[in-house]
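K.L.:
predicted model follows, preceded by the sequence.
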Amino acid sequence: MRAWRVHELGDPSQVMSLDEIERPTPGEGQVLVKVKAAALNFPDVLMAMGMYQEKPPLPYIPGVELCGEIVETGRRVIGSPSGGPGAFAEYALMDRDFAFPAPEGLSDEKAASLYLTYQTGYVGLHRRAHLQAGEWLLVHAGAGGVGTAAIQLGKAAGAKVIATAGGARKTQVCTELGADHVIDYTAEDFVPIVKEITGGRGADVIYDPVGGDVFDKSTKCIAFEGRLVVVGFTSGRIPEAKAKHLLVKNYSIVGLHWGLYRRYDPAIFGMIHEQLTRLVDEGHVDPLVGETLPLDQAPQALAKLADRSTVGKVVLVP
């Protein structure tokens with residue numbers, strides 16, 4: 001089978017090669033799936049550069065999210081490959097207990113995009129931030145894969161959503177997804193605008209996959225007893241919290257590492273999948289796929305993701 005492999009750490013558009021390798025053989029508790037679509041995520045870029053918390057041994061097959069067809073049964077499923085990455089290939093192994101039924105109403109590309117970012121968003125907004133109906137939710141990088149999921153999940157929870165995005169194309173995407181207010185951060189400072197929109201209160205929940213200056217500025221427009229959810233650091237700078245400011249304003253900084261629930265509460269994945277499937281069936285969730293490319297264009301796809309020129313999810317199809 002064909003599979004992309006990272007042979008050395010570095011720019012993923014430079015260090016991957018499309019290799020012909022043996023089709024994997026499932027072990028105990030595993031199933032072999034024919035990959036129908038593999039969705040890209042920013043951790044794919046960071047992992048290849050050696051900058052992610054998970055560091056698979058070289059060489060490895062990248063890709064942490066897929067929709068596939070179980071070879072043995074023909075059943076269509078979504079999830080992550082066994083052991084972490086492995087989706088950028090024609091076939092992959094999945095743990096049987098974590099291969100979840102793909103919602104019938106979604107295409108392969110959209111189904112592949114439902115797992116990681118939507119599960120992360122659901123955990124972040126509901127379990128970690130305890131988002132309530134009527135609260136103000138501020139979503140940063142709202143036009144990306146993480147942000148588009150958070151906007152839809154926030155609206156489904158009854159929140160009032162403010163989104164930030166860069167440029168007219170991306171702000172329009174946020175509006176179309178249902179955000180109540182959208183701020184172009186390339187033209188305006190979001191801090192005073194968030195304060196004005198919320199009547200001086202600030203955002204009750206802030207969903208931040210960017211970090212850096214965005215995190216720092218978010219602390220200036222968070223509500224009393226607000227919750228700032230740390231999703232990632234796509235800006236490249238890991239911020240530091242100021243304990244004195246936390247004390248004065250009574251807000252919480254909440255970490256979000258969705259993958260760790262595999263160790264601490266594995267049952268949560270199935271429960272959240274049921275909730276997401278329900279939201280899909282009810283029309284509240286519809287993953288935005290911005291671009292679909294053939295498998296052999298994986299390096300170009302990752303380069304687009306790295307330079308933040310994409311909207312929604314980028315998906316590879318074998």
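P.N.:
That came through, no problem. Numbering: from 1, shown residues only.
K.L.:
quick one: the spatially most distant residue from the centre of the chain from residue 240, how far?
P.N.:
In terms of distance from the mean C-alpha position of the chain, residue 248 ranks first, at 31.9 Å (C-alpha atoms, centre = their mean). Relative to residue 240, residue 248 is positioned 17 Å away (C-beta to C-beta, to the nearest Å). No exception for glycine: its C-beta is placed from N, CA and C like everyone else's.
K.L.:
also residue 272?
P.N.:
31 Å.
K.L.:
for residue 314, give the beta-bridge partners.
P.N.:
Following DSSP bridges, residue 314 is listed with bridge partners residue 291.
K.L.:
give me the below-cutoff pLDDT ranges for the stretch 51-200 of the chain.
P.N.:
Of all residues in the stretch 51-200 of the chain, none has pLDDT under 70.
K.L.:
ranges for the helices of the stretch 51-200 of the chain?
P.N.:
108-112, 116-122, 145-156, 168-176, 190-197 (DSSP state H, counting those that start in this stretch).
K.L.:
mind listing the strands for the stretch 201-318 of the chain?
P.N.:
Assigned by DSSP state E, counting those that start in this stretch, the stretch 201-318 of the chain shows strands spanning 203-208, 222-230, 252-255, 289-294, 313-317.
K.L.:
deepest of those strands, which one?
P.N.:
Each of these was scored by mean neighbour count; the highest is strand 203-208, a mean of 29, by mean count of other C-beta atoms under 10 Å.
K.L.:
what is that strand packed up against?
P.N.:
strand 136-139, helix 145-156, helix 212-218, strand 222-230 (3 or more C-beta pairs under 8 Å, 6 or more residues apart in numbering; DSSP states H and E).
K.L.:
tell me which of these is the most buried.
P.N.:
strand 136-139 (a mean of 30).
K.L.:
would you mind pulling the contact partners of that strand?
P.N.:
Residues outside strand 136-139 that contact it (C-beta atoms under 8 Å, 6 or more residues apart in numbering) are 125, 131, 147, 150-151, 154, 159-164, 174, 179, 190, 194, 197-198, 201-207, 218, 221, 223.
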